[in-house]
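Engineer: Structure for this input, please:
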Amino acid sequence: MLELAILGFLYDTPLHGYELRKRIAALTGHVRPVAESTLYPAIKRLEKAGLLARTTEPGAVAAPRHVLTLTEKGRGELLNRLAEPDRRDITDENRWFTVLAFLRHLPEPAAQADVLRRRLAFLEEPASFFYDGDRPLAAEELDDPFRRGVLTIARATSQAELTWLHATLESLEDAADS
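Structural biologist: Sure thing, here's the model as predicted:
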């Protein structure tokens, strides 16, 4: 998720590490805070793999700043990761939001729609946080008001996402047809 966010933000514009960290934190920080001890090793891995380049610019007030730029190989890697997200990127809500934040970079509406259809298929599978054996339980079946709350909130969130997915897929299919 972190590497995808790095690639995604650098796809638009070169950034220095501090600005990149702020943008990633705004996207995912409420779930997983981005520490320097996590971000900079990920940057070094991507740099070593030839996916991004680092240049040094003079600092306005302090020390020189390292500016990160996505390479052509990095652009290709981002597009591959977006077109073929890992199953966890589809099923984990936080990872999904990271994919979704950069899905616009896929140039073809059909490719974007393929990814959305995978998410739609996942959301349409019967599931719950609580089960009776193998059978998923609905909120109405629970006596515990807190567990019922979990399922009620999850259902509302899923319904909102399903509505958005159907509308967006329709729009993408219209764009592909024209």
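Engineer: Which residues does stretch 50-59 contact?
Structural biologist: 6-7, 10, 14, 16, 43, 46-47, 64-71, 73-74, 77 (CB atoms under 8 Å, 6 or more residues apart in numbering). Quick note: C-beta positions are derived from backbone N, CA and C, even for glycine.
Engineer: Mean confidence (pLDDT) on that stretch, please.
Structural biologist: Across stretch 50-59, pLDDT averages out at 87.
Engineer: neighbouring contacts of stretch 71-91?
Structural biologist: 1, 4, 7-8, 10-11, 46, 49-53, 70, 95-96, 98-99, 102-103, 105-107, 111, 114-115, 118-119, 122.
Engineer: any idea how far it is from the chain center?
Structural biologist: With CA atoms, centre = their mean, to the nearest Å as the basis, stretch 71-91 stands 10 Å off its chain's centre.
Engineer: residues of stretch 71-80 that come out buried?
Structural biologist: For stretch 71-80, a neighbour-count test (16 or more other CB atoms under 10 Å) marks T71, G74, R75, E77, L78, L79 as buried.
Engineer: In helices only, show me the residues you listed.
Structural biologist: G74, R75, E77, L78, L79 (DSSP state H).
Engineer: any idea how far D89 lies from M1?
Structural biologist: 8 Å (CB to CB, to the nearest Å).
Engineer: D177 too?
Structural biologist: Distance from D177 to M1, by CB to CB: 33 Å.
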